[in-house]
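**Q** Below are the sequence and a predicted model for it; my questions follow.
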Amino acid sequence: MNKNALSAKLFIVNTFVIILILIPYLILSFWFLDYSTVKNSLILAISLSLFLTFAINFVLILILRPLENFINLSKERKKASNELYPKSRRASILYSKVLLAGDIIVLGIGPTISNVFYIIQGNVRTDIFVTVLMIISGCASGFFAGLISLFISNALLRKPKLMLNMQKVRENNKEKDFSIKQKTFMAILGAFFICFCYLSLFIKLYEVRAVDVKYSQTTNFSVEKSDSASEPIKKTNGGIFYIFIILFSYSTLLWYFYSKDAASQLDIIRDRFVDILQGEKDLTKRMSIVNFDESGNIAVMVNDFLYAFKDIIADITTLSENIIVSGQNISKNVEDSVKILNNIDNISNSANEKLEIQQKILMDSDNILKNTINSFEKVVKSIDEQAYNISSTSAVIEEVAANINSVTNMTKKADDVSNNLILSAEKGNIAVKDSLDAIKKIEEYSQRVSDSIQIIQTVADQTNILAMNAAIEAAHAGEYGKGFSVVADEIRTLAESASIGAKEIISSIKEMNESIITGVKLSENAGVSLDDIVRGISITTNLVSEIKNAMNEQNIAISGILETTNSLVDITEEIKKQTDIEKKDNEKVKLSMNRLIEASDNVSLLVKNQTEQNAIIIDSIKKINDTTLTNNANVAKLQEKLTQFII
């Protein structure tokens, strides 16, 4: 019994509405016509209407059978087949159309056949207008009854439709019901037709009643005659009152169920939004469609909106989580950046301090370089002077060599005079043979030459003394000493010449020693051998030999000095060239130093600017960090709000 409860309810509702619509016909018929004359036609009309009502209800039950099966399976928590669900959807939509058409047929055919049967009996005069009016009135009553049944049935089908959980309208299956505009138009049209038809029927029946009373000519139709003229008026007034009550009740009933039907889908939409705003905020729930009209389309759009809104909320939740993670990373990166910038700032300050020290060092280096360049220029000048002096010394040495050659020639003459002097001079030759050295031994050579010159001067002085003594002895010897006197004079002359040449050589060597940086030092070891020559000065020939050997040694030394001096001249020229190159390089170094100082100043300025910029960047990063923390707090609040939604 419970399985067919829905069909039973709908059967009762539809039957009750049809009976409710038939009541005005009965009232009008009994009010204006004689019961005995309309009994058969009324029985026929009621019988046909009830038969057709049962037939239509049976068809409706068959249509709703898939829906009932689906509801029963849902209550038993069993899964419906894949074919049952679409059949149930189509049944819920097809029911309303069949119901409306069926009620029009029920109340259109029944009263029409009854009226035709009534006319065929000859109870009233044939009136085409009345016949048409009766047919239209029946169809209008059926249409009106169908609307009321439709709206009540929709209210009863609301829960089963909710159980179907229809969330989409399948256009390809033609799941389309009457629209709100159509329902509104039909409700207005039904109310108009029912009022028009009932009033027209009332007026026409009143005319028939008046004619029958006046002429009393109706066959098989007895009218109770009354002497009172006010009886028709009383019945007319009473009929109008009852018709007004019926029409008002029907119109109120129609608009009540119509408003309930129109608001049913809107109530679901309202309840869904109330649940979202104030209830569980479950975005996974979807609204079921109970009316396949504009409100159902709104429900479909709201469902689509909820799908999209759910995805948006999910995306916002994901994005908010990503934003929080990004914010945390940004905060961490900001902290690291602040630390790095602080380190950079410290490094910049340290670099600035070091740059200041470097600038000071560069300034000192620049001053040192300038002093070095000045000193180098002085050295170059000294080298130029040295080159000039070396050239002059070379000339002096050549002159000394020439004088030595002259002395050598003189000593040769003296050697010819006394071979004994050569034997004494050999010791001097041995004593002074190591007096000078080569290229880096200019000092030793100069010292040896100086020592040799001193020996020569000493020998010359001693020779001069000996010559004077010899001259004195020769004078004492008289005629026998004249030859020796001549020799002594020659020796004395040679000694004086040698002494003068030695002095000039010493003077030249001193000038050379002053010109050369290291100079030429005096020989330290030549005096020992010369002492032996002094001791044996008594023998003139030995002294002359020593002079000869000394001259030869001196000649060799002078040659070495001359060779060394020439090498020194070449070296000095090479040094001069190198100093010129060094001078140019020093200019480049000076220019580079100036550029380095300028670059250091620029770097120092850049470091200061960078330090200032770092401070600005640190301040900006701190503001970014504060903003990030604020954003994280806002996102956390947003997440707290979003977690209220069930997605």
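**A** Alright, I've got the coordinates. Numbers count the residues shown, from 1 in each chain.

**Q** how near is N374 to K588?
**A** Taking Cβ to Cβ, to the nearest Å as the measure, N374 falls 17 Å from K588. (C-beta placed from N, C-alpha, C; glycine too.)

**Q** how close does I289 get to S295?
**A** In terms of Cβ to Cβ, I289 sits 9 Å off from S295.

**Q** Looking at the two, which is more packed in?
**A** I289 (28 against 22; other Cβ atoms under 10 Å).

**Q** wouldn't that one be in contact with G296 here?
**A** Yes - if you go by Cβ atoms under 8 Å, I289 and G296 touch, sitting 4.5 Å apart.

**Q** does G146 count as helix, strand or coil?
**A** For G146, the secondary-structure state derived from DSSP: H, G, I helix; E, B strand; the rest coil is helix.

**Q** Please name the nearest non-neighbouring residue to it.
**A** Take G146 and drop its neighbours on the chain: the residue closest to it by Cβ to Cβ, 6 or more residues apart in numbering is D103, 3.4 Å away.

**Q** Next up, the contacts around the one you found.
**A** 14, 17-18, 56, 142-143, 145-146, 149 (Cβ atoms under 8 Å, 6 or more residues apart in numbering).

**Q** Please enumerate the helices of the stretch 251-400 of the chain.
**A** 294-417 (DSSP state H, counting those that start in this stretch).

**Q** meant to ask about the chain
**A** Counting by DSSP state H, one finds helices in the chain at the ranges 5-32, 35-75, 84-120, 128-164, 180-215, 231-278, 294-417, 420-432, 442-477, 482-515, 526-535, 540-642.

**Q** so where's the stretch 101-250 of the chain uncertain?
**A** By pLDDT under 70, the low-scoring segments of the stretch 101-250 of the chain are 110-112, 114-131, 133-134, 165, 167-179, 190, 193-194, 196-244, 247.

**Q** go again using 80 as the cut-off
**A** Within the stretch 101-250 of the chain, the stretches with pLDDT under 80 are 107-144, 150-151, 154-155, 157-250.

**Q** likewise the stretch 251-400 of the chain?
**A** By pLDDT under 80, the weakly predicted segments of the stretch 251-400 of the chain are 251-255, 257-311, 313-315, 317, 319-400.

**Q** how deep is I330 tucked in, by neighbour count?
**A** The number of residues packed around I330, counting by other Cβ under 10 Å, is 20.

**Q** my read: it touches I621, true?
**A** No - if you go by Cβ under 8 Å, I330 and I621 don't touch, sitting 9.9 Å apart.

**Q** and stretch 61-72, which residues are buried?
**A** 61, 63-64, 66-72 (16 or more other Cβ atoms under 10 Å).

**Q** do stretch 159-167 as well
**A** Neighbour count says stretch 159-167 has 160-161, 163-164, 166 buried, by 16+ other Cβ under 10 Å.

**Q** Show me which of the residues you listed is closest to E398.
**A** M166 (135.1 Å; Cβ to Cβ).

**Q** what's the neighbour count on the closest residue to S251 other than its chain neighbours?
**A** Using Cβ to Cβ, 6+ apart and skipping the chain neighbours, the partner closest in space to S251 is A191 (5.2 Å). Counted with other Cβ under 10 Å, residues neighbouring A191 total 19.

**Q** what's the distance between the closest residue to G102 other than its chain neighbours and L147?
**A** Spatial nearest neighbour of G102, excluding adjacent residues (Cβ to Cβ, 6+ apart): I56 at 3.4 Å. Taking Cβ to Cβ as the measure, I56 falls 15 Å from L147.

**Q** Give me the neighbour count for N625.
**A** Residues lying near N625 (other Cβ under 10 Å) number 19.

**Q** Report the separation between the nearest residue to it once chain neighbours are set aside and D626.
**A** Of all residues not flanking N625 in the chain, V334 sits nearest, at 4.2 Å (Cβ to Cβ, 6+ apart). As judged by Cβ to Cβ, V334 and D626 stand 9 Å apart.

**Q** The two - which one has more neighbours?
**A** A direct count of neighbours by other Cβ under 10 Å for V334 and D626 places V334 higher, at 21 against 12.

**Q** Which residues are in contact with that one?
**A** Going by Cβ under 8 Å, 6+ apart, V334 touches 621-622, 624-625, 628.

**Q** Which among those residues count as buried?
**A** 621, 625, 628.

**Q** Contact partners for the second one?
**A** The reference is to N625. Applying Cβ under 8 Å, 6+ apart, the residues near N625 are 330-331, 334-335, 338.

**Q** domain parsing for this protein?
**A** 2-279, 376-579 (automatic domain parsing).

**Q** now stretch 51-59: mean pLDDT?
**A** The average pLDDT within stretch 51-59 is 84.

**Q** From here on, call the first residue 53.
**A** That works, and once the first residue is 53, the last one we named lands at stretch 103-111.

**Q** List of residues touching it?
**A** Outside stretch 103-111, the residues that reach it (Cβ under 8 Å, 6+ apart) are 62-63, 66-67, 70, 150-151, 154-155, 157-158, 161-162.

**Q** Any of the contacts of D155 buried? List them.
**A** Going by neighbour count (16+ other Cβ under 10 Å), the contacts of D155 have 66, 69-70, 108, 194-195, 197-198, 201 buried.

**Q** Can you get me a residue count around R141?
**A** The number of residues near R141, taken as other Cβ under 10 Å, comes to 22.

**Q** Can you read off the pLDDT for it?
**A** On pLDDT, R141 comes in at 75.

**Q** one step back: looking at the buried residues of stretch 113-124, which two lie furthest apart in space?
**A** Checking these with Cβ to Cβ, the most distant pair is I115 and N124, at 16.2 Å.

**Q** I'd assumed A523 was in contact with D541.
**A** Yes - proximity of D541 to A523 meets the contact threshold set by Cβ under 8 Å, at 6.5 Å.

**Q** okay, these two: which has more neighbours?
**A** A523 (19 against 15).

**Q** Ramachandran angles for F344?
**A** Taking degrees, to the nearest 10, you get phi -90, psi 60 for the backbone angles of F344.
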